[in-house]
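Chemist: Model the following, please.
(chains A and B)
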Amino acid sequence: MYEKNGEKYFIVDAHIALWDARASNQKNIHGKQFIDCFYDYHKNLSPEAEVWDYDTYTYYGGQRLLKDLFEDGYVDHAIFQPAILGDFYKNGFGQTEEAFALTQENPGKLTYNHAFDPRFGEAGLEQLRKDAARMNLQGVKLYTAEWHGDSRGWKLDDPWSRRYLEECLELGIKNIHVHKGPTIRPLDRDAFDVADIDKVASDYTELNFIVEHVGLPRLEDFCWIATQESNVYGGLAVAMPFIHTRPGYFAQIIGELLYWIGEDKILFSSDYAIWTPKWLIEKFVDFQVPADQTEYAPITVEQKKKILGLNAASLYGIDVPEELRLPTAAGDAGVEVAAGAKEAVAS
Amino acid sequence: METAVTAALATVVDPELDEPITDLGFVRSIRIDDVGVTVHLRLPTSFCAPNFAYLMASDAQDALRCVPDAGRVRVLLDDHHDSAKINAGLALNAGYRGTFGPEAEESLDELRRVFQRKAHTAAMERCVMALLRTTGRNVEDLYRLTLGELPGGPHKEALLRRRTDIGLGIRPDDLVVVDEDGQPVASAAVPLRLRYAKAVRISVEGNAHFCRGLLATRYDDEPLSTHITNTRRAS
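Modeler: Residues are numbered from 1 along each chain as shown, chains lettered A, B, ... in the order given. As a prediction, this is how the structure comes out:
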């Protein structure tokens, strides 16, 4: 919980990770390249005082995670969104067992989402059933650019992907987090294209599709499909830290999102440990649209409360203390896209 | 020769960011010697999309080959997860399909067009919004705005270039506000078209800033300007 100027905010960090990218776990050069890329994200967009040393960044462990999120970071509940990257790391990038154990040791504070990869076919489906039972899965995190043998990615509307999504429906896994990445086969296509999300969101209306990084670097395509589909949400991972380095651009992103998809469909996340939640939350609560960007309305306290936690709490059935709720529940299934966007689409 | 080489590289655009690779700091070094020209490129991350990386590298090679008396042209992409594959493909003139084999299906033409259309949409929005800010023009009659009515300047020049890229006309009586296929937009649909175009512009501009920042962080131990050496003897 974060309190400022008499307002109390319930905080859900909807995208965190516990990774091991140490040299000892790297399978090949791509493991090193991947964590170096993450570290550059971290260094480039964090305030100087929040920058970690490289070795800590490659592996920080569960205790450090708990401290950064729950002691220092105001977070009430956090959701693991692992990237497995089995072709780059011997024991995977996201540490499944360590993160799941941490979830069990801290009931009510952590949710563990796991991943599936439709390229594993029947065997992967069976594994998904076992994982769902053991981990009580409510959500999955899918990284479509993950390499696997000769393949450099997959699409959500592939026939096998659909089988997995149908299995998710059966298993009660209703939150599908999708992260687009830089590769997909064939390379003729734009790997960041979100059109496949549009298709499956229409076909599986009982599932929620949370597009991580609000579709960046294809913000406009994401906004467009999210306007058409009422079960598409946007996760703010990667977009958040611009609040520090480029507040004007951050205002544009938030302004566009509020216009196109609305305040009930946007989820806060730090993308820990790429960034730490404390400074992001402090800055977001203080944030206001710069005076010269008159095309965007000011962001209200109520909107901030929804984005920082109430929307994700609704998606995951997380109990919010009475005093931290809004008079009307956020994230109602009946809440449709932003009024402005809807009018615009209708016209 | 240095000027001609730099000018040739300046015609190569990052399709996603719609800016020349020379402005983005992607040209790491140029070496001109008696044999030819060697250019090293660099990108903001090892994981920048390999298709765009290949496009820029092969465009650079094509542009340099058009420079008179360039000699042997070599373009090398540094520090990328596909450096070995792309550099080998460029050295052998293997083309896109020859470079990526089964990972390539047809060509990158359609991918390039997708981003040329985005670049055009963003350029159109810049022109129209500048016009709205500086004149009393109403949104209601923007549907009949023509190129001839746009004031000259860098915004308009950029729009004309982007229109040419995607095969749209640049006559003074051609309409400015058009859809993704270059067709006229009905008056009532103009506000949404412009709203979407604005989201496109914000996305492209934001990506460019992000990439610039990452490049500076990644290469914080070397200058972001191009290192040029010329040992060619004057002929």
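Chemist: CA atoms for contacts and neighbours, from now on please.
Modeler: Fine.
Chemist: Could you pull out the buried residues of stretch B:128-136?
Modeler: B:V128, B:L131 (16 or more other C-alpha atoms under 10 Å in any protein chain shown).
Chemist: contacts for it?
Modeler: Residues from elsewhere that reach stretch B:128-136, judged by C-alpha atoms under 8 Å, 6 or more residues apart in numbering or on different chains: B:R137, B:N138, B:V139, B:L150.
Chemist: what does the stretch 101-250 of chain A put close to chain B?
Modeler: Taking C-alpha under 8 Å from any C-alpha of the partner chain as the contact definition, the stretch 101-250 of chain A meets chain B at A:182-183, A:185-191, A:216-220, A:224, A:249.
Chemist: circling back to that earlier point, for the buried ones among the contacts of stretch B:128-136, write the corresponding ChimeraX selection.
Modeler: Entered in ChimeraX, the line below selects the buried ones among those, by 16+ other C-alpha under 10 Å:
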select /B:139,150
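Chemist: Tell me the one of the contacts of stretch B:128-136 nearest chain A?
Modeler: Among those, B:V139 lies closest to chain A (C-alpha to the nearest C-alpha), at 14.1 Å.
Chemist: and the closest one, what does it touch?
Modeler: Contacts of B:V139 (C-alpha under 8 Å, 6+ apart): B:L132, B:V190, B:P191.
Chemist: now swap in B:A8 and tell me
Modeler: Contact partners of B:A8, counting by C-alpha under 8 Å, 6+ apart, are B:A60, B:A63, B:L64, B:C66, B:V67.
Chemist: same check, this time on A:D190
Modeler: By C-alpha under 8 Å, 6+ apart, the contact set of A:D190 is A:I184, B:L111.
Chemist: before we move on, what SS does it have?
Modeler: coil (DSSP: H, G, I helix; E, B strand; the rest coil).
Chemist: Kindly provide the distance from it to A:L171.
Modeler: Distance from A:D190 to A:L171, counting by C-alpha to C-alpha, to the nearest Å: 32 Å.
Chemist: and what of B:T6?
Modeler: B:T6 is 59 Å from A:L171, by C-alpha to C-alpha.
Chemist: Can you pull the poorly scored residue ranges out of chain B?
Modeler: B:235 (pLDDT under 70).
Chemist: all helices for chain B, in order.
Modeler: Using DSSP state H, the helices of chain B run over B:2-10, B:21-24, B:50-65, B:83-91, B:95-100, B:109-134, B:154-165, B:190-218.
Chemist: mind giving me CSV with the ones you listed and columns for distance to A:D76?
Modeler: Below are the helices of chain B laid out as CSV (distance: least, C-alpha to C-alpha, whole Å):
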stretch, distance to A:D76
helix B:2-10, 51
helix B:21-24, 41
helix B:50-65, 39
helix B:83-91, 44
helix B:95-100, 47
helix B:109-134, 40
helix B:154-165, 48
helix B:190-218, 30
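Chemist: Show me the domain layout of chain B.
Modeler: Taking automatic domain parsing as the reference, chain B has its domains at B:2-107+B:213-230, B:109-206.
Chemist: Just the endpoints, please. Distance across the shortest one?
Modeler: End-to-end distance for domain B:109-206: 24 Å, by C-alpha to C-alpha.
Chemist: Measure how far that domain is from the centre of its chain, please.
Modeler: Put simply, domain B:109-206 sits 17 Å off its chain's centre (C-alpha atoms, centre = their mean, to the nearest Å).
Chemist: What is the nearest of the contacts of B:A8 to B:K118?
Modeler: Using C-alpha to C-alpha, B:A60 comes nearest to B:K118 of these, at 21.6 Å.
Chemist: which residues in chain A form strands?
Modeler: Per DSSP state E, chain A has strands spanning A:2-4, A:7-9, A:12-16, A:77-80, A:110-112, A:139-143, A:175-179, A:208-211, A:232-235, A:266-267. These are given in chain order.
Chemist: can those strands go into JSON lines with extra columns for distance to A:P118?
Modeler: Formatted as JSON lines, these follow (distance: least, C-alpha to C-alpha, whole Å):
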{"stretch": "strand A:2-4", "distance to A:P118": "39"}
{"stretch": "strand A:7-9", "distance to A:P118": "38"}
{"stretch": "strand A:12-16", "distance to A:P118": "22"}
{"stretch": "strand A:77-80", "distance to A:P118": "20"}
{"stretch": "strand A:110-112", "distance to A:P118": "20"}
{"stretch": "strand A:139-143", "distance to A:P118": "10"}
{"stretch": "strand A:175-179", "distance to A:P118": "13"}
{"stretch": "strand A:208-211", "distance to A:P118": "17"}
{"stretch": "strand A:232-235", "distance to A:P118": "21"}
{"stretch": "strand A:266-267", "distance to A:P118": "26"}
